[in-house]
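[1] The amino acid sequence is not available; the structure is as follows:
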């Protein structure tokens, strides 16, 4: 009955969405009048276009229609038409013919693929599988997890066995949406997913804090003494009662353990040790896996012991990686190896785990097997490619540059309509659309073409596109494009008084802003070195800039002066370690102090980088340090060692800092 109610609820969704849109407009949830007031009577076409974009993002179809009508002949006409149509695709009121007309009118543009993505989501949500199956093979980028779920669901409803493909896809609950929840329901209904599969999805969603996905999946299994929602909201009540009897109550208890462990792993471990005797050995192992993952996020000293108690419990991909990281931290190479070898192929073949498996094999004396793994990734211009090269006894150098593209090769791209749209979006400070238009044009280009386009980007001062475009070449490599060093005079003026290395600062800027001078992050960081307003004000006061005002932060000289000064403060605060200071620049200097205080031993810098518990900071440190190594090789014209640059990180219990 609960499954029928779930599926029946899906059928009502289009009507419900339409009612929400109508009610929202009627009660002012979408403030159409307010949006129009923002536009002055003499508003420019660009201002009207920006308001149109916002109206479409808010699904305000009436306002979008009105604003689009005021932009006849605008240079981004395809986007005017798209923003006029998008809200109506999302509320299911656009006709099939309208959508097909748009696609025919702008065939070949990136925006057609974007609209097809929107349409496929609408078709999947309404269960129009005939049209979905017709359009899905035409979805060029195919980069939407929810659409992929709808595609598998369509096949499953026709009798295809898609369980293995679904298990491989269903690993990121934050991307699920209705499409993936529907897929789980279909596979549970037709027997392709067992209760164990469904509970795995519920636990995975709970690990990620995705209550919606967990709740939707929970209706597919028999009810216990509580609901998944209740357990996620108030896990202490479930733990106080104990696991009780029956597999469902035991699974709810496991989820409760994971929720409590997020704040107190030791307490959760105590609950499992004291009351887990009513559970099966497999269920107990699942409980330890939940606790181990939460303890790993906290870099708790008990984490690896918890992983050992988890034995062969089925693990999410996130859990597998954290088990390997905690083994790395402890120097337990046997567990590193067994954990990586147990990963699914797609994860095991990720360059991160290829490298660490090679290291584990080397520690075990299997040098030839390790060498083969290092050779397989050593040509990759990235953090782990560089480390693999050093494992092979080589240093990091700059490859020979190609023959520069001619003026004629470059000039061709000034007539490219997609690049013109991209540059217009940069002018409007709409980087998302600018990047989408630019990257769409790069598909299927040869190395020679990519180098010419990268040079075209340099000529138009969009250095982020130059770097990104040149990064795509496969056999010809121009590192002056991949690792540019603009504003060198201003950089020297900022770094020389501090005794700071230009290579490191450029490596950081390449990661922070990709050299977009006006770059502004979603949290308000600005300029080349992405300074937060409070940080800029703090540093200005520290160095005696008495006339500093917040509007100066994007000035190149000011941004570099403040950014390098702050980076120097962080470096001094963290014992002169570039690895720690890079982490501190991104996450705040207090956090790497806390992280290093949890270390059981001195570790190499690469291990410290890999066990950083923030995904963004972990990737940031690797990229900045990799960048800095290439910049140093360019500036010094000699081979470099990333291992030496990373150094080692020793435990230190001093976590105090007065820096923001």
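    It's in. Here the structure is a predicted model, which is why all the values come from computation and not from measurement.
[2] Name the SS class of residue 54, please.
    Per DSSP: H, G, I helix; E, B strand; the rest coil, the local secondary structure of residue 54 is helix.
[3] Roughly how far does it sit from residue 195?
    Distance of residue 54 to residue 195, given as Cβ to Cβ, to the nearest Å: 45 Å. Any C-beta I mention is one placed from the backbone N, CA and C, and that applies to glycine too.
[4] ditto for residue 282
    To residue 195, residue 282 is 13 Å away according to Cβ to Cβ.
[5] before we move on, what about residue 527?
    Distance, residue 527 to residue 195, by Cβ to Cβ: 53 Å.
[6] can you check residue 207 too?
    Taking Cβ to Cβ, one finds residue 207 at 18 Å from residue 195.
[7] for residue 189, same thing?
    On the measure of Cβ to Cβ, residue 189 and residue 195 end up 12 Å apart.
[8] again with residue 375
    Here residue 375 is placed at a distance of 44 Å from residue 195 (Cβ to Cβ).
[9] Ok, residue 65 next?
    For residue 65, the distance to residue 195 - Cβ to Cβ - is 48 Å.
[10] And for residue 89?
    Residue 89 sits 37 Å away from residue 195, going by Cβ to Cβ.
[11] between the two, who's got more neighbours?
    Set residue 89 next to residue 195 and count neighbours by other Cβ atoms under 10 Å: residue 89 wins out with 22 against 14.
[12] which element is the more buried one on?
    Per DSSP states H and E: residue 89 is located in helix 77-90.
[13] Tell me which residues are up against the next helix or strand after that helix.
    Downstream of helix 77-90, the first helix or strand assigned by DSSP H and E is helix 96-105. With contacts defined as Cβ atoms under 8 Å, 6 or more residues apart in numbering, helix 96-105 is touched by 78, 81-82, 85, 88-89, 112, 115-116, 119, 131.
[14] do that again at 10 Å, thanks
    Residues external to helix 96-105 that are found in contact with it (Cβ atoms under 10 Å, 6 or more residues apart in numbering): 77-78, 81-82, 84-85, 88-89, 94-95, 109, 111-113, 115-116, 118-119, 122-123, 128, 131, 135, 138.
[15] Stretch 521-528 now?
    The contact list for stretch 521-528 (Cβ under 10 Å, 6+ apart) reads 486-487, 490-491, 505-506, 508-510, 512-520, 530-536, 550-556, 558-560, 562-563.
[16] what about it, start to end distance?
    One end of stretch 521-528 sits 11 Å from the other (Cα to Cα, to the nearest Å).
[17] What is the neighbour count of residue 487?
    Per other Cβ under 10 Å, the neighbour tally for residue 487 reads 19.
[18] do residue 235 as well
    With other Cβ under 10 Å as criterion, residue 235 counts 25.
[19] gap between it and residue 335?
    29 Å.
[20] re earlier: now a PyMOL select for only the buried ones of the contacts of helix 96-105.
    In PyMOL, a selection of the buried entries from the contacts of helix 96-105 looks like this (16 or more other Cβ atoms under 10 Å):
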select buried, resi 78+81+82+84+85+88+89+94+109+111+112+113+115+116+118+119+122+123+128+131+135
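[21] Need the residues that contact whichever helix or strand residue 130 is part of.
    Using DSSP H and E, residue 130 sits in helix 129-135. Contact with helix 129-135 is made by 96, 99-100, 103, 116-117, 119-124, 126, 128, 136, 147, 150-151, 153-155, 157-158, as judged by Cβ under 10 Å, 6+ apart.
[22] Mark which of those residues are part of helices, please.
    96, 99-100, 103, 116-117, 119-124, 126, 147, 150-151, 153-155, 157 (DSSP state H).
[23] Let me see the ranges of the strands in this protein.
    Along the chain, counting by DSSP state E, strands occupy 603-604, 648-649.
[24] ok, the residue nearest to residue 532 when sequence neighbours are not counted to residue 425 distance?
    Excluding its sequence neighbours, the residue lying closest to residue 532 (Cβ to Cβ, 6 or more residues apart in numbering) is residue 525, at 5.2 Å. Applying Cβ to Cβ, the value for residue 525 to residue 425 is 21 Å.
[25] where does the stretch 51-200 of the chain dip in pLDDT?
    Scanning the stretch 51-200 of the chain for pLDDT under 70 picks out no residues.
[26] what separates the helix holding residue 130 from the chain centre, distance-wise?
    Between the centre of helix 129-135 and the centre of its host chain there is 30 Å, according to Cα atoms, centre = their mean, to the nearest Å.
[27] Just the buried ones from the contacts of helix 129-135?
    Neighbour counting with 16+ other Cβ under 10 Å marks 99, 103, 116-117, 119-124, 126, 128, 136, 147, 150-151, 153-155, 157 as buried within those.
[28] Nearest residue to residue 360 in space, ignoring adjacent ones along the chain?
    The nearest residue in space to residue 360 (Cβ to Cβ, 6+ apart) is residue 337, at 3.8 Å.
[29] nearest residue to residue 61 other than its sequence neighbours?
    In space, residue 61 is closest to residue 87, 3.8 Å off (Cβ to Cβ, 6+ apart).
[30] okay, now the one you found: neighbour count?
    Residue 87: 24 neighbours (other Cβ under 10 Å).
[31] go on, residue 407?
    Neighbours of residue 407 (other Cβ under 10 Å): 9.
[32] Go ahead and confirm residue 592 touches residue 654.
    No. Using Cβ atoms under 10 Å, residue 592 is not in contact with residue 654; the gap is 11.8 Å.
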